[in-house]
Every structure is written in structure tokens, then in C-alpha cells.
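Q: Below is the sequence, then the predicted model.
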Amino acid sequence: MQLPPGKKIYFSSDNHLGAPTQELSKPRERKFLDWLDMVKEDAAAIFLLGDLFDFWFEYKHVVPKNQVRVLGKLAEIADSGIPIYFFVGNHDLWMFGYFEEELGIEVYHEPKKFEFNGKKFLIGHGDGKGPGDKGYKRMKKVFTSPFFQWCFKWLHPDIGVGIARYLSVKNKLISGDEDAKFLGEENEWLAQYAKRKLLKEHYDYFIFGHRHMPMEISVGEKSMYFNLGDWISHYTYGIYDGQTFELKKL
């Protein structure tokens, strides 16, 4: 993609809408809606890097009922011709076609390469990558098992969604937040993941979420790793203007 003059690419991650309760989440939801209205004015594309919701599961005929304003806003933006790319996170990995079919949003389950104005990006949520996150890696094998998903869908949505939302908030192993503190540039496992990727292929930028902390770490002579932070404590997001990438705070 070559950005048109005056256009930018925007990146956001880890909103966790619905946590810890729907009512307490509403002010954060409103901030995100206002942000979407702001960025759509000059956006060439919008990347959402997962954990938009604190829980999401698509049954065959049912999706969670909350955050309808967010879904409507995303549909409006996509219908206007601005592409939106969504990378599932560890809290909303059970996406099976609703975003693509109803909202016109591309959904990815693994990091993906992009090139903008000659710069190479590797973009993803970041869960289960690198040498850390061991507890969650074990749980992810269960969550992504077709048999487990088949079993879960047979629970009545009122029961299944209720259990999942409770565990999403209470169980740090399931949430992937067991290491939610800065580990130092040399020990940050997504930075280490980026360095390993550079052994095989050059990237200018690695853009991830999941860690809930805004970060900017050099991982090579001409390569940077950015973590987008979150919309719980930091309200940070990323912008690429065709020449440089930077983190911004609301």
C-alpha cells in the first residue's frame, strides 16, 4: 500500500470492552468511539490488534449483545471505504466469520506481513509469541482446539458467556496477564520474538499489543518494536504517516 498524501494508518489494541462490568466499561467505550470518529477523517486504514472485547464467542446464530455501538461504528467506517484489519487476541480469539460477513472487516489469527510506503511491518496481537507467556501458551492449545470449541458452543449462551466473562476477569492465567510488568528491554519476550524474526527476514517495524504497556524498543540496526499499550490505563495508539511510526496518547 502506498499512502495517499495526508493520509495515515492508525493502530489500536487491548480495549477489553465489557471489563470489569458492562457499566464500568461504558466510559472507555465512549472514548474509543470518539477516537474512531477522529481518525476516520484522515485514515487510509485502521488496524485493531486484538482484545477489543474482554470476551467474544460466535455461536452459529448468536453473538454477545453488548458493544453494539462499537460494532455499528466499525461497520460505518468499513462501509465508507476505509479498510479495517482485525487481529484476534487472547480474549476474542473465537471469531468465526461474523466480522468478515457482517462488518466487512478482515480478520487474522496470526501475525501478518504488510508493506506501506516501502517499509515492512509485522503486525499481530502478540499472545503466545516469544519465549515467555508459558501459562497462556498451554491454555491457548485448549482454547483453539476444535473439540473444545465444539463442546463450548453446546452451552446455553447465558451460561457459557457468563462463565467465560467471569474467568476472563478473575483468572490471570487465562487472560495472559500473569507477567503484566515491564521486564526490561532485553527480557521483553515480544522484543526477543522480533529479534528472532530478523534472523530470517528484515522488518522495519514490529507492531503488537497484548502487553498492556506502551513500548518502543530497538530490536535491530534499522528495526523497531512497538507495543501499543491499552485502553484501560494508558489510552495509547499508534500512527504511521508514511515516513515514521509513533505512539500517541489521548
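A: Ah, there it is. Numbering: from 1, shown residues only.
Q: lowest-pLDDT helix or strand in this protein?
A: In the chain, no helix or strand scores lower on mean pLDDT, DSSP states H and E than helix 172-175, which sits at a mean of 45.
Q: Quick one: name whatever helix or strand follows it.
A: Using DSSP states H and E, the helix or strand that follows helix 172-175 in sequence is helix 189-198.
Q: List every C-alpha atom in stretch 91-108, with coordinates, as PDB.
A: Extracted in PDB, the C-alpha atoms of stretch 91-108 (Å, rounded to 0.1, in the frame of the first residue of the first chain):
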ATOM      1  CA  HIS A  91      -9.800 -12.600  24.800                       C
ATOM      2  CA  ASP A  92     -11.600 -12.500  21.500                       C
ATOM      3  CA  LEU A  93      -9.900 -15.400  19.600                       C
ATOM      4  CA  TRP A  94     -13.200 -17.200  19.000                       C
ATOM      5  CA  MET A  95     -14.100 -15.300  15.800                       C
ATOM      6  CA  PHE A  96     -15.600 -17.500  13.100                       C
ATOM      7  CA  GLY A  97     -16.800 -15.200  10.300                       C
ATOM      8  CA  TYR A  98     -19.100 -12.500  11.800                       C
ATOM      9  CA  PHE A  99     -16.700  -9.600  11.400                       C
ATOM     10  CA  GLU A 100     -16.000 -10.500   7.800                       C
ATOM     11  CA  GLU A 101     -19.600 -11.300   6.800                       C
ATOM     12  CA  GLU A 102     -21.500  -8.600   8.700                       C
ATOM     13  CA  LEU A 103     -19.000  -5.800   9.100                       C
ATOM     14  CA  GLY A 104     -16.700  -6.200   6.100                       C
ATOM     15  CA  ILE A 105     -13.600  -6.400   8.300                       C
ATOM     16  CA  GLU A 106     -10.600  -8.700   7.600                       C
ATOM     17  CA  VAL A 107      -9.700 -10.900  10.500                       C
ATOM     18  CA  TYR A 108      -6.400 -12.600  11.100                       C
END
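Q: Buried ones in stretch 97-104, by neighbour count?
A: Tyr98, Phe99, Leu103 (16 or more other CB atoms under 10 Å). Glycine gets a C-beta too; all of them are placed from N, C-alpha and C.
Q: Can you give me the first-to-last residue distance of stretch 67-87?
A: This stretch, stretch 67-87, spans 18 Å end to end (CA to CA, to the nearest Å).
Q: from the middle of its chain, how far away would that stretch be?
A: 14 Å (CA atoms, centre = their mean, to the nearest Å).
Q: pLDDT averaged over that stretch - what is it?
A: Averaged over stretch 67-87, pLDDT sits at 97.
Q: Now tell me what touches the longest helix along the chain from outside.
A: For the chain, the helix reaching the highest residue count under DSSP state H is reported as helix 22-39. Under the criterion CB atoms under 8 Å, 6 or more residues apart in numbering, residues 8, 10, 12, 15-19, 46, 54, 66-67, 69-70, 73-74, 77, 231-232, 235, 237, 250 lie in contact with helix 22-39.
Q: and that helix, what's its mean pLDDT?
A: Across helix 22-39, pLDDT averages out at 96.
Q: Give me the pLDDT for the closest residue to Phe182 other than its chain neighbours.
A: Among residues not flanking Phe182 along the chain, Met213 sits closest, at 5.9 Å (CB to CB, 6 or more residues apart in numbering). Per-residue pLDDT puts Met213 at 94.
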